[in-house]
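Undergrad: Provided below are the primary sequence and the corresponding predicted coordinates.
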Amino acid sequence: MEFLRVGRDASPHTVRSYAASLSAWWDYLEAAGLAWDAVTLPSFLPFLTVLRTGDPVGVHRLPTASASAKGVAESTVGLRVAAVLSFYRYHADVHGVEVAGRLYRVGGRRARSRYVRALAHLDRGAGHASPAVRVRSRERGPAPVLTPAQAEVILDGCARFDAGSGQWSGSVRDRLLFATLSETGMRLGECLSLKHCDWHVGRGGTPYVEVVPRQDHPAGVRVKNGRFRRIYISDDLERLHSEYVWELCDADAHRAVDLENWWVFVNLRRGEWLAPLRPETVYDLVDRLKRRLGKAVPSAWTPHWWRHTHATALLLSGAHEHVVMRRMGHADVQTTLTLYGWVTEDAELKTLANWKSFTTNWRGLEKSSA
């Protein structure tokens, strides 16, 4: 775990995920009476049953499982298995533990190799190591999105502008948070990592926000993949941020902290004043909005829905996939196509509904050949 945290500079969320996976694995080893360094492929396979059903076959129920325990989602099964296999590959490389050789195959044989070399992707022949256990993920359906009407209801549920009085009612901070997620397509962690110095506004040009990799957020949120990017924003979002800054100044926040280099989204009412918002606080806010707005919004919506909505809107508006990739911060365009390719594909398939226009050319070819 320390190698993962320090040696590979993994995010705190990744470390927690691996810790949860290894905890589940050790529960299984204890219940099955297996030594951690004597695992074989046949003794590993029941672990998948444990994860999928919560009721292992051939071993005692796990100490942490209740009588009504249910298994985890198949995607979580894949993460748990990957973490355990990674653990054994580490110990094969560092301490010569042979378990990995029983759980991996090279070509048609089980692998005795250690970690895959840095350039192993250039040499995927008979010596390529692959897991002997594979978890098939289910086909993903369309990413969940918010309609324009639902998005507006959520934003207005946070704060509204009264043209008559020229004042905002409600929480401008909350509206800015969801408006930023909506207009930029940022992940929640990236949004909470923003500092005021990352907003470049009021300079006569197109305003923009910089997503800057940082590791000093008290809640441990980070920019995924550690990639810097620039996201251009609208004048409306610029004005909303300016209104929020004025509210902070009216509350004397600039006297308590160096506002320019402080976090954008902070506690203003609950908790420690001006402490950076935590993801749990945002999810609590989402739950309160769901209760207040009722059926006007989807019961399952989360902050990540804004990201899906943003990418979907861009593609439906005709934005090129590589542009969407850069704006969303994906590692490559294939990620964008995998997640959102259905959007443009569905639109293109709808154009085939006018069958007569597509068969016109066929009729012309038939006449010319005759």
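TA: On my side now, so go ahead.
Undergrad: got the domain ranges for the chain?
TA: Following automatic domain parsing, the chain resolves into domains at 2-131, 148-315.
Undergrad: what's near enough to touch the residue lying closest to Pro218 once chain neighbours are set aside?
TA: Closest residue to Pro218 in three dimensions, ignoring its sequence neighbours and counting by CB to CB, 6 or more residues apart in numbering: Pro276, at 5.6 Å. Using the backbone N, CA and C atoms, a C-beta is placed for each residue, glycine as well. With contact set as CB atoms under 8 Å, 6 or more residues apart in numbering, Pro276 has these partners: Leu192, His217, Pro218, Ala219, Trp263, Phe265, Val266, Asn267.
Undergrad: how about Ile231?
TA: Thr184, Gly185, Met186, Tyr208, Val209, Glu210, Val211, Arg327.
Undergrad: swap the cut-off to 7 Å and go again
TA: Thr184, Tyr208, Val209, Val211, Arg327 (CB atoms under 7 Å, 6 or more residues apart in numbering).
Undergrad: these two touch, right, the second one and Ser234?
TA: No - with contact defined as CB atoms under 7 Å, Tyr208 and Ser234 do not form a contacting pair (10.6 Å).
Undergrad: so the two - more neighbours on which side?
TA: Legend: neighbour count by other CB atoms under 10 Å for Tyr208 and Ser234, higher for Tyr208 (16 against 12).
Undergrad: which ones are touching that one?
TA: His200, Arg230, Ile231, Tyr232, Ile233.
Undergrad: the last one reaches Val211, doesn't it?
TA: No - applying CB under 7 Å as the test, Ile233 and Val211 come out as separate, 11.9 Å apart.
Undergrad: which parts of the stretch 101-250 of the chain are strands?
TA: Secondary structure of the stretch 101-250 of the chain by DSSP state E, counting those that start in this stretch: the strands cover 104-106, 109-110, 129-131, 159-162, 167-170, 199-200, 208-211, 229-232.
Undergrad: state the distance from the nearest residue to Leu277 once chain neighbours are set aside to Leu314.
TA: Distance criterion CB to CB, 6+ apart; nearest residue to Leu277, sequence neighbours excluded, is Phe265 at 4.4 Å. For Phe265, the distance to Leu314 equals 24 Å [CB to CB, to the nearest Å].
Undergrad: try Ser165
TA: Taken as CB to CB, the span from Ser165 to Leu314 is 35 Å.
Undergrad: ok, those two, which is more surrounded?
TA: Shown here are Ser165 and Leu314; by other CB under 10 Å, Leu314 has more neighbours (20 against 8).
Undergrad: tell me the secondary structure at that one.
TA: With DSSP: H, G, I helix; E, B strand; the rest coil as the basis, Leu314 sits in helix.
Undergrad: can you pull the contacts of it?
TA: By CB under 7 Å, 6+ apart, Leu314 lies in contact with Val324.
Undergrad: let's see that with 10 Å instead.
TA: Residues in contact with Leu314 (CB atoms under 10 Å, 6 or more residues apart in numbering) are Gly185, His320, Glu321, Val323, Val324, Arg327, Met328, Thr336, Tyr340, Val343.
Undergrad: and what of Gly220?
TA: Ser11, Pro12, His13, Val15, Arg16, Gly189, Arg278, Pro279.
Undergrad: repeat that for Val99.
TA: Contacts of Val99 by CB under 10 Å, 6+ apart are 35-41, 44, 84-85, 87-89, 91-92.
Undergrad: how does it look with 6 Å?
TA: Neighbouring residues of Val99 by CB atoms under 6 Å, 6 or more residues apart in numbering: Val39, Tyr88.
Undergrad: tell me the buried residues within the contacts of Tyr208.
TA: Buried by 16 or more other CB atoms under 10 Å: His200, Ile231, Ile233, out of the contacts of Tyr208.
Undergrad: got any ranges where this structure has weak pLDDT?
TA: 56-70, 105-130, 132-133, 136-141, 347-348, 351-352, 354-370 (pLDDT under 70).
Undergrad: most centrally placed residue in it?
TA: The chain has Arg187 as the residue nearest its centroid, 6.6 Å off, counting by CA atoms, centre = their mean.
Undergrad: for that one, give me its contacts.
TA: Arg187 sits in contact with no residue, where contact means CB under 6 Å, 6+ apart.
Undergrad: cool, and Leu85?
TA: Pro131.
Undergrad: circling back to that earlier point, out of the strands of the stretch 101-250 of the chain, the one nearest His254 is which?
TA: strand 199-200 (15.1 Å; CB to CB).
Undergrad: hmm, who's touching that closest one?
TA: Tyr208, Val209, His241.
Undergrad: centre of the chain versus it, how much separation?
TA: In this view, strand 199-200 has its centroid 24 Å away from the chain centroid, taken as CA atoms, centre = their mean, to the nearest Å.
Undergrad: and it, which strands flank it?
TA: Strand 199-200 has the following strand partners under DSSP bridges: strand 208-211 (antiparallel).
Undergrad: quick check: buried residues in the strand it pairs with?
TA: Buried, per 16+ other CB under 10 Å, within strand 208-211: Tyr208, Val209, Val211.
Undergrad: dump these to a markdown table, plus distance to Val172.
TA: Output for those, formatted as a markdown table (distance: CB to CB, whole Å):
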| residue | distance to Val172 |
| --- | --- |
| Tyr208 | 21 |
| Val209 | 17 |
| Val211 | 22 |
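Undergrad: which of the residues you listed lies closest to Arg160?
TA: In terms of CB to CB, no member of these lies closer to Arg160 than Val209, at 23.7 Å.
Undergrad: that closest one pairs with what?
TA: Trp199, Ile231.
Undergrad: what's near enough to touch it?
TA: Taking CB under 6 Å, 6+ apart as the test, what Val209 contacts is Asp198, Trp199, Ile231, Ile233.
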